[in-house]
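Student: Dropping a prediction and its sequence here:
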Amino acid sequence: MRARQVRVHWIWSALAGVAAIVAAEEIPIALLFPVESRRALSVLEWVLTLVFVADLVFHLQLAGKLHVGGAARQSGRSSRYGKAWLVVDALAAIPFQILPVPAVFRLLLLAKLGRVGQLMHRWRQHDVHRANLLRLLFFLFWLALLAHWIACGWLALRGIAPEFDPLTNYVRAIYWCVTTLTTVGYGDITPVGNAQMLFAVAVMMLGAAVYGYTIANVASILANIDPAKVRYQEMVEKMTAFMKYRNVPPHLQRRILEYNTYLWEKRLGYDESTAISGLPPSLRSDVLLFLNGDIIERVPLFRGASEEFVRAIALEMRPTIFTPGDYIIRAGEQGHEMYFISRGRVEIVSPDGKAVYATLTDGDFFGEMALLHDQPRSASARATDYCDLYLLEKATFNHVLDRFPEFASHIAEVAGKRRQGNQPASEAPE
């Protein structure tokens, strides 16, 4: 129910925002041209008024629900529907077109654009993945709306040329506005009289400010649209300069660059541990359980474990990457960790590396005997391509068992069976 209410609120806010934008475009045009030339606009004006009245009622009802919900949910600046917004929405709902007031009073409806700015701000906060792109689009929108208003102001000062139709008058005004804002000023349309000259000076000063703001912010926005790629390129440049400075052999340079390319293609250059390290413990636990829960539950050693135990194991698993041809474990080494394959292919091979016992892929695991017994590895594990693995160390595993003594007895039973040689056929040898 809550999600449905939020969705309805978003849809209605978007509809009211579109109506406010249409009003901001239509009202200056309606004030410039005679009534007989804009009969079709009268219907649009009434439609916009009805939308604004409905929006006022909608927000009054929302404010009432928040008030009934308790004073704690509606206090001072945190109120969703303060007095300032009440004034804005009430002004927009007034049908000025039938009231005996000067037509210029209809410009008060432009205050409704505050709701559009509020909606855009919420949209950027909600869609964080495209926040910089939305920032650029919103800037272009406000710039286009400003150009429309300046063109209408120029027409109001210069007057409607009778030799041109309304569309041509407006296009010529837009042409003058753009050339003046961009400080180009071809001079084919020039101001006449003090009022027009002062207006042109103000527009040129505004254009200079907008030009500086555009250069500074658009460049920043474009640079930050893909911050991961920018950070990756900087890292590669630093690594390349270091390798040249230290005369790293070409074949080793190639392996390093291939590794960084893999990181970019599969992880966008992010280190998983660093990316989630700033999260609070409960949220980090949920993320790691989502990432590793399915892999852990496939391990026969952990079969039947509680969700709390699986969560504790997921928190202790550390991501690591191996490149093609790397030996992850070697036969004869003392085992201190087991591995879970998130992505990639691993071969379980004989000590000399010639015989392949098994090939493991995504979701498989190996080396679990290191958690149960202090004994050397009986086989080697070799990465055949880039492998994203999670490792679980024996010391960490024992620490988790201390917190779950009821499951420790199950582990001891499994260890006893494995020591007696009752290894399930489905488990890969170490």
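Tutor: Nice, thanks for sending it over. Residues are numbered from 1 along each chain as shown.
Student: what does the domain assignment say about the chain?
Tutor: Domains of the chain are assigned by automatic domain parsing as 1-126, 227-270, 279-419.
Student: so which of those is the most packed in?
Tutor: Among the domains of the chain, domain 279-419 has the highest mean neighbour count (mean count of other Cβ atoms under 10 Å), at a mean of 16. (Each C-beta comes from the backbone N, C-alpha and C, glycine too.)
Student: So, low pLDDT: which residues of the stretch 301-430 of the chain?
Tutor: Applying pLDDT under 70 to the stretch 301-430 of the chain flags residues 415-430.
Student: all strands of it, in order?
Tutor: 318-322, 327-329, 337-343, 346-349, 356-360, 365-366, 380-383, 387-393 (DSSP state E, counting those that start in this stretch).
Student: For the first one, which strands pair with it and how are they oriented?
Tutor: Using DSSP bridges, the neighbouring strands of strand 318-322 in the sheet come out as strand 387-393 (antiparallel).
Student: could you dump the strand it pairs with to CSV, C-alpha only?
Tutor: Coordinates of each C-alpha in strand 387-393 appear next as CSV, following Å, rounded to 0.1, in the frame of the first residue of the first chain:
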residue,chain,number,x,y,z
CYS,A,387,38.6,-15.9,-11.8
ASP,A,388,36.7,-13.9,-9.2
LEU,A,389,36.9,-16.0,-6.0
TYR,A,390,35.9,-15.6,-2.4
LEU,A,391,38.2,-17.1,0.3
LEU,A,392,37.3,-18.2,3.8
GLU,A,393,40.2,-18.6,6.2
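Student: what does that strand rub up against?
Tutor: Contacting residues not belonging to strand 387-393 are listed as 266, 292, 295, 313, 316-322, 328, 336-346, 371 [Cβ atoms under 8 Å, 6 or more residues apart in numbering].
Student: returning to that earlier point: mind putting the strands of the stretch 301-430 of the chain into TSV with distance to Ser13?
Tutor: Shown next, in TSV, are those (distance: least, Cβ to Cβ, whole Å):
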stretch	distance to Ser13
strand 318-322	41
strand 327-329	53
strand 337-343	41
strand 346-349	52
strand 356-360	51
strand 365-366	49
strand 380-383	52
strand 387-393	42
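Student: Any idea which of those strands gets closest to Ala408?
Tutor: strand 387-393 (15.6 Å; Cβ to Cβ).
Student: what distance separates the closest one from the centre of its chain?
Tutor: 28 Å (Cα atoms, centre = their mean, to the nearest Å).
Student: what's the angle between that strand and strand 337-343?
Tutor: 150 degrees (axes from the mean of the first three to the mean of the last three Cα atoms, to 10 degrees).
Student: and strand 387-393 with strand 356-360, angle?
Tutor: If you take the same axes, to 10 degrees, strand 387-393 sits at 100 degrees to strand 356-360.
Student: Counting neighbours, which bits of stretch 150-158 end up buried?
Tutor: Ile150, Ala151, Cys152, Gly153, Trp154, Leu155, Leu157, Arg158 (16 or more other Cβ atoms under 10 Å).
Student: pLDDT on that stretch, on average?
Tutor: Mean per-residue pLDDT for stretch 150-158: 92.
Student: Show residues contacting that stretch.
Tutor: Contacts of stretch 150-158 (Cβ under 8 Å, 6+ apart): 28-29, 31-32, 169-170, 173-174, 176-177, 181, 192, 195-196, 199, 203, 206.
Student: filter these to the buried ones?
Tutor: Buried members of these, counted by 16+ other Cβ under 10 Å: 28-29, 31-32, 169-170, 173-174, 176-177, 181, 199, 203.
Student: can you name the two of these that are farthest apart?
Tutor: Farthest apart among those - using Cβ to Cβ - are Leu31 and Leu181, which lie 21.6 Å from each other.
Student: Pull the contacting residues for Gly325.
Tutor: By Cβ under 8 Å, 6+ apart, the contact list for Gly325 reads Arg382, Ala383, Thr384.
Student: where does it sit relative to Ser380, distance-wise?
Tutor: For Gly325, the distance to Ser380 (Cβ to Cβ, to the nearest Å) stands at 12 Å.
Student: Next up, the contacts around Arg254.
Tutor: Arg254 touches nothing, counting by Cβ under 8 Å, 6+ apart.
Student: again with Val116
Tutor: Gly17, Ala20, Ile21.
Student: Export those as a markdown table, with columns for secondary structure.
Tutor: As requested, the contacts of Val116 are exported to a markdown table (DSSP: H, G, I helix; E, B strand; the rest coil):
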| residue | secondary structure |
| --- | --- |
| Gly17 | helix |
| Ala20 | helix |
| Ile21 | helix |
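Student: could the residues you listed be laid out in CSV, adding pLDDT and distance to Leu50?
Tutor: Converted to CSV, these look like this (pLDDT from 0 to 100; distance: Cβ to Cβ, whole Å):
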residue, pLDDT, distance to Leu50
Gly17, 90, 16
Ala20, 92, 14
Ile21, 92, 16
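Student: Going by distance to Leu107, which of the residues you listed wins?
Tutor: Using Cβ to Cβ, the contacts of Val116 come closest to Leu107 at Ala20, 13.2 Å.
Student: which residue sits closest to that closest one, ignoring its sequence neighbours?
Tutor: Nearest residue to Ala20 in three dimensions, chain neighbours excluded: Lys112, at 4.1 Å (Cβ to Cβ, 6 or more residues apart in numbering).
Student: Report the secondary structure state of the one you found.
Tutor: Criterion first, three-state DSSP; result for Lys112: helix.
Student: Tell me where the stretch 151-300 of the chain has strands.
Tutor: Assignment of strands within the stretch 151-300 of the chain using DSSP E, counting those that start in this stretch yields no ranges at all.
Student: low-confidence ranges in it?
Tutor: Along the stretch 151-300 of the chain, the parts satisfying pLDDT under 70 run over 221-228, 267-275.
Student: Would you map the helices across it?
Tutor: With DSSP state H, counting those that start in this stretch, the ranges of helices along the stretch 151-300 of the chain come out as 166-181, 193-224, 227-245, 250-267, 272-277, 281-298.
Student: Any idea which of those helices gets closest to Glu308?
Tutor: helix 281-298 (10.1 Å).
Student: Go ahead and name everything in contact with that closest one.
Tutor: By Cβ under 8 Å, 6+ apart, the residues outside helix 281-298 that reach it are 276-277, 279, 302-303, 305, 310-311, 313-315, 317, 340-342, 363-365, 390.
Student: ok, now with 6 Å
Tutor: Ile276, Phe302, Val310, Arg311, Ile313, Ala314, Leu315, Met317, Phe340, Gly363 (Cβ atoms under 6 Å, 6 or more residues apart in numbering).
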